[in-house]
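[1] Show me the folded form of this:
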Amino acid sequence: KIMRKIAMDLSIEKIINQKLCDTFTKLGLDTAYAAVKVSDRPDLSDFQCNGALALAKQEKKNPREIAARIAGELEKDVDFAKISIDGPGFINLTLKDEAIAAVLDQIAGDGRFGIAKVETPKKVVMDFGGPNVAKAMHVGHLRAAVIGESIQRIERFLGNEVISDVHLGDWGTPMGMIIAEIIKQDGSLDKALNYNIDEITEFYKAANLRCKEDEKAKEDARQITAALQDGNPEYRRVWQHLREASVSAIKKNYDDLDINFDLWLGESDAHAASAEVVKLAEAKGLSELDEGAHILRLEESNKPKPPVILIKSDGAYGYQITDIATIKDRVEKLKAEEIIYVVDKRQSLHFEQVFEAVDKLGIAPNVKMVHIGFGTVNGSDGKPFKTRDGGVMTLENLIAMSKDKVGESMPSPADAPGYDQAYIDNLTAQIAVGAIKFADQADPNAVKTEILPVAPYQYMASLQMLDASTPLLELQVFAGSRAEAEKAAKALKK
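    Purely as a prediction, here's the structure:
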């Protein structure tokens, strides 16, 4: 259904619009209104044209009368199976199956599936990663990656220049929490550069629990974070190790999922620009002091909206400023014409604040900024997955479990002559990862704004095999040719 909708929108709709344009021209009507849309009432028609209603005032005639004239001309076209007028002047249009089939045949024979490249390519910067340093990636990180990678590929297919940035969370209070916890447990930072990602994750879990219970621990973490951001050399060395160890693990997860980024920057890379944003806000008279913090107030005429915190009372930069500064860098250094953020809907207010602050500061004139939100991946308690308190399936483990499950139904080289173990292992990985992605995106609500309860084991349901021949479907999808698929199928049936 999705592929048919794309084909209809980008090919059949264009053909019908041309037919309407020719008809409007023949009748002396304004062609600006010669357009159709997919019907709001699919039980009545495939498409509808509302142009007669828009033309009524201009033509000083009843819209049904105008619609009747248009319909009368279109009825002469052999491609239409049915044309009717509904309500005040809606024109319902249904194409013949033969007409649709002819267009689909053209699409099938076209290497671009009937989709033309954009006439004016633009430079699009995409931000859809956002994993945090020092925390193992879990199933909650899957959705942004899959949706973002899909949009990235579509944008490139359309001819736009895309620069994707993982945008690591590597510069906030959690960094100070981890450093403080290492000092608390070890007495110093002497061993900090030897810890691997698993050990670092355990420090983070312990730090999170300690800061929840101990106000002094929380304050120590804030002070260390501020000192880190101010350039404390010892903290910087430890932070650099935390980042490198984390990035190595994160890249492995994304590689397994075939998720690709052009840039591996983080919040820390916007540190210099953050200082420039603060100065700009002061120069424009937009910064004010409020209870020890420097803030930028936003418009609240429509609804209450918290101000943007530029500098917190402890001297560290606020949460929003790194995104504002990052936009500044993306416009100035990357020459972005559009910036797309693929982040779950809980961040909607955050991006409203960021985009409005950017507009007030004049940082990104004529740059389109878009936040694409989606529902979160929740645990059995109905809350989004987190690694702070432990107990959540990591993304690495989910992928490994999926591979093991698929592997149970895959043949050995002895059972599939002509296929070596490397080929079978690669195919197993493709099917396993494909099943994970499909399970996450199969429900159409998954990419809307609802918060959906999804437990880790539910992903595994997509991997259940009805019998030993079930993987044939996946094998046919990934085989290099039909002949290869048939060869594999025969081998599996033996």
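
[2] Give me the neighbour count for V78.
    Using other Cβ atoms under 10 Å, V78 has 9 other residues around it. The way it works is simple: take the backbone N, C-alpha and C, and place the C-beta from them, glycine included.

[3] let me redo that: I85
    Neighbour tally, I85, other Cβ under 10 Å: 18.

[4] go on, R41?
    11.

[5] same deal with E288?
    14.

[6] Read off the pLDDT value for the nearest residue in space to G89 that is not next to it in sequence.
    Among residues not flanking G89 along the chain, P63 sits closest, at 3.2 Å (Cβ to Cβ, 6 or more residues apart in numbering). pLDDT for P63: 96.

[7] quick one: P63 and K57 touch, right?
    No - the criterion here is Cβ atoms under 8 Å, and P63 misses it with K57 at 9.2 Å.

[8] Compare the two (neighbour count), which wins?
    Neighbour totals were compared for P63 and K57, and P63 leads with 22 against 9 (other Cβ under 10 Å).

[9] residue contacts, the more buried one?
    A52, L53, L55, A56, P88, G89 (Cβ atoms under 8 Å, 6 or more residues apart in numbering).

[10] In PDB, list the C-alpha atoms belonging to the one helix or strand K184 maps to.
    K184 is located in helix 173-186, with elements delineated by DSSP states H and E. Provided in PDB are the C-alpha atoms of helix 173-186 (Å, rounded to 0.1, in the frame of the first residue of the first chain):
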ATOM      1  CA  THR A 173      26.100  16.700  33.600                       C
ATOM      2  CA  PRO A 174      26.400  12.900  33.100                       C
ATOM      3  CA  MET A 175      30.000  13.500  32.300                       C
ATOM      4  CA  GLY A 176      30.600  15.200  35.600                       C
ATOM      5  CA  MET A 177      28.600  12.400  37.400                       C
ATOM      6  CA  ILE A 178      30.800   9.700  36.000                       C
ATOM      7  CA  ILE A 179      34.100  11.500  36.800                       C
ATOM      8  CA  ALA A 180      32.800  12.200  40.300                       C
ATOM      9  CA  GLU A 181      31.800   8.500  40.800                       C
ATOM     10  CA  ILE A 182      35.200   7.200  39.600                       C
ATOM     11  CA  ILE A 183      36.900   9.600  42.100                       C
ATOM     12  CA  LYS A 184      34.400   8.400  44.800                       C
ATOM     13  CA  GLN A 185      35.200   4.700  44.200                       C
ATOM     14  CA  ASP A 186      38.900   4.800  43.300                       C
END
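
[11] can you give me the offset of that helix from its chain's centre?
    Remark: helix 173-186 is offset 32 Å from the chain centroid, using Cα atoms, centre = their mean, to the nearest Å.

[12] Now it: buried residues?
    By neighbour count on 16 or more other Cβ atoms under 10 Å, the buried set for helix 173-186 is T173, P174, M175, G176, M177, I178, I179, A180, E181, I182.

[13] Check those residues and tell me the two furthest apart.
    T173 and I182 (15.1 Å; Cβ to Cβ).

[14] Which pLDDT value goes with the residue positioned nearest the centre of the chain?
    Centroid-nearest residue in the chain: G148, 3.0 Å away (criterion: Cα atoms, centre = their mean). Looking at G148, its pLDDT reads 95.

[15] for the chain, where's the lowest mean pLDDT among helices and strands?
    strand 452-453 (a mean of 33; mean pLDDT, DSSP states H and E).

[16] ok, and the closest non-adjacent residue to V278?
    L310 is the one closest to V278 (Cβ to Cβ, 6+ apart), at 5.2 Å.

[17] do V433 as well
    L257 (5.8 Å).

[18] Please save the CA atoms from the helix or strand following the helix holding K184 in CSV.
    Downstream of helix 173-186, the next assigned helix or strand under DSSP H and E is helix 197-213. C-alpha atoms of helix 197-213 as CSV (Å, rounded to 0.1, in the frame of the first residue of the first chain):
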residue,chain,number,x,y,z
ILE,A,197,32.6,0.7,28.0
ASP,A,198,31.0,-1.9,30.2
GLU,A,199,32.9,-0.6,33.2
ILE,A,200,32.1,3.0,32.3
THR,A,201,28.4,2.1,32.1
GLU,A,202,28.5,0.6,35.6
PHE,A,203,30.1,3.8,36.9
TYR,A,204,27.3,5.8,35.3
LYS,A,205,24.5,3.6,36.8
ALA,A,206,26.1,3.9,40.3
ALA,A,207,26.5,7.7,39.8
ASN,A,208,22.9,8.1,38.8
LEU,A,209,21.7,6.3,41.9
ARG,A,210,24.0,8.2,44.1
CYS,A,211,23.0,11.6,42.7
LYS,A,212,19.3,10.7,43.2
GLU,A,213,19.9,10.1,46.9
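
[19] And helix 197-213, what's buried?
    For helix 197-213, by 16+ other Cβ under 10 Å, it's I197, I200, T201, F203, Y204, K205, A206, A207, N208, R210, C211.

[20] got a list of what K251 touches?
    Taking Cβ under 8 Å, 6+ apart as the test, what K251 contacts is W264.

[21] And the helix or strand hosting N17, what does it pack against?
    In this structure, N17 sits in helix 13-27 according to DSSP H and E. If contacts are counted by 3 or more Cβ pairs under 8 Å, 6 or more residues apart in numbering; DSSP states H and E, helix 13-27 sits against strand 47-49, helix 63-74.

[22] give me that answer again for 6 Å
    Applying 3 or more Cβ pairs under 6 Å, 6 or more residues apart in numbering; DSSP states H and E, one finds that helix 13-27 makes contact with helix 63-74.

[23] In the helix it packs on, which residues are buried?
    Quick answer for helix 63-74 (16+ other Cβ under 10 Å): P63, R64, I66, A67, R69, I70, A71, E73, L74.

[24] what angle separates that helix from helix 13-27?
    110 degrees (axes from the mean of the first three to the mean of the last three Cα atoms, to 10 degrees).
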